[in-house]
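Participant: sequence plus the predicted model coming up.
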Amino acid sequence: MAWIFLCIAGILEVGWAYFMKESDGFSKLYPTVATFILMLASFGLLSVAMKSLPLGTAYAVWTGIGALGAFVVGIIILGEQASFMRVASAGLILLGLIGLKLSSDH
């Protein structure tokens, strides 16, 4: 269950990062509220996952999912550039996440 909670926490991190961008410096009410609700939920699930997963693994996977998800949202929804180097670099993050999962004994 810890891995499931961790993955959901990472996905929620993508959500709060997106809404933080949309809040325009916390000047728009609804995106600001969404940011903080998703942030609390993400942190809460991360803390539950950390009860049984090592700190380094849990935190790296959480931030990795958030980074990759925000990268994809940026390209698909916000129209950010998808250059070869950006995509290749994101691929390296993905390989690191896979390596962490495969090397985990949990």
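Facilitator: Yep, it's here. Numbering: from 1, shown residues only.
Participant: and the gap between the residue most central in space within the chain and A88?
Facilitator: Nearest to the mean C-alpha position of the chain, by Cα atoms, centre = their mean, lies G66 at 1.5 Å. As for G66, its distance to A88 is 19 Å (criterion: Cβ to Cβ, to the nearest Å). To be clear about C-beta, it is placed using only N, CA and C from the backbone, and glycine gets the same treatment.
Participant: same check, this time on A82
Facilitator: For A82 relative to A88 (Cβ to Cβ), the value is 11 Å.
Participant: more neighbours: which of the two?
Facilitator: Neighbours of A82 and A88, each counted by other Cβ atoms under 10 Å, are more numerous for A82; the result is 13 against 9.
Participant: check contacts around the more buried one.
Facilitator: I75 (Cβ atoms under 8 Å, 6 or more residues apart in numbering).
Participant: could you report the pLDDT at D105?
Facilitator: pLDDT, D105: 75.
Participant: what about it, how many residues nearby?
Facilitator: 5.
Participant: G69 now?
Facilitator: If you count neighbours by other Cβ under 10 Å, G69 ends up with 18.
Participant: and it, what's its pLDDT?
Facilitator: Per-residue pLDDT puts G69 at 97.
Participant: ok, for it, nearest residue in space, not its chain neighbours?
Facilitator: Distances taken as Cβ to Cβ, 6 or more residues apart in numbering place V14 nearest to G69, at 3.2 Å, with adjacent residues excluded.
Participant: ditto for K21
Facilitator: Excluding its sequence neighbours, the residue lying closest to K21 (Cβ to Cβ, 6+ apart) is L78, at 7.3 Å.
Participant: got the buried residues for whatever helix or strand I93 lives in?
Facilitator: Using DSSP states H and E, I93 maps to helix 84-103. Using 16 or more other Cβ atoms under 10 Å as the test for burial, helix 84-103 gives 90, 93, 97, 100.
Participant: list just the nearest of the residues you listed to Y59.
Facilitator: Using Cβ to Cβ, the shortest approach to Y59 within those belongs to L100, at 10.3 Å.
Participant: how close does the closest one sit to G15?
Facilitator: Computed as Cβ to Cβ, the L100 to G15 distance reads 22 Å.
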